[in-house]
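A.B. asks: The sequence and its predicted three-dimensional model are supplied below.
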Amino acid sequence: MNNYVLYSIVMLVAGIGIPVMATLNGGLGAKLQSPTLAATILFFVGLVCALAYLLLTEGLPGRVYQPDTPIYYYFGGFFVLFYILTITWIAPRFGISNAIAFVLLGQLIAMSLIDHFGLMGAQQFSIDSQRLAGLVCMVFGVFLVLNKATPGTN
């Protein structure tokens, strides 16, 4: 199996995990009556799993900071935290499909800008007419799958 197929499958599974995680954490936040506590528990479980994987695969790191690494590379955790807190709070009120559809729309916009301008050291891929047509179709698709019903009234 070539890398393209393998990477595609792995990322498909990761994509499947996003609404599953949102549903689970949204439910936990509702049961605990605290989206913030649910997010904290999620991060704790994630930290334990990540540390176990790190220790099993690479051992203790020698250092966590490289002098030539831009400091903003370390701020990815802020965006994860923002996503987890917002999806945990909003998804039970707005619906999983609605919440994830707008997350997907945000991802489409961000990926296009990051790729087109090669932002933050990413490989640069210009938006051509074919890619723009694909993005328009994806954006249209996001709006087609939105659930217009008020949660709990279906």
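C.D. replies: That came in fine, so what should we check first?
A.B. asks: C-alpha only now, for contacts and for neighbours.
C.D. replies: OK.
A.B. asks: So which residues of the chain form strands?
C.D. replies: Ranges of strands within the chain: none, based on DSSP state E.
A.B. asks: Would you map out the domains in it?
C.D. replies: Following automatic domain parsing, the chain resolves into domains at 1-94, 95-154.
A.B. asks: Need these in TSV (columns: mean pLDDT and mean neighbour count).
C.D. replies: Below are the domains of the chain laid out as TSV (pLDDT from 0 to 100; neighbours: other C-alpha atoms under 10 Å):
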stretch	mean pLDDT	mean neighbour count
domain 1-94	93	14
domain 95-154	86	14
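A.B. asks: distance of the residue nearest in space to the middle of the chain from residue 103?
C.D. replies: Nearest to the geometric centre of the chain sits residue 18, at 6.5 Å (C-alpha atoms, centre = their mean). Applying C-alpha to C-alpha, to the nearest Å, the value for residue 18 to residue 103 is 10 Å.
A.B. asks: How about residue 84?
C.D. replies: For residue 84, the distance to residue 103 equals 11 Å [C-alpha to C-alpha].
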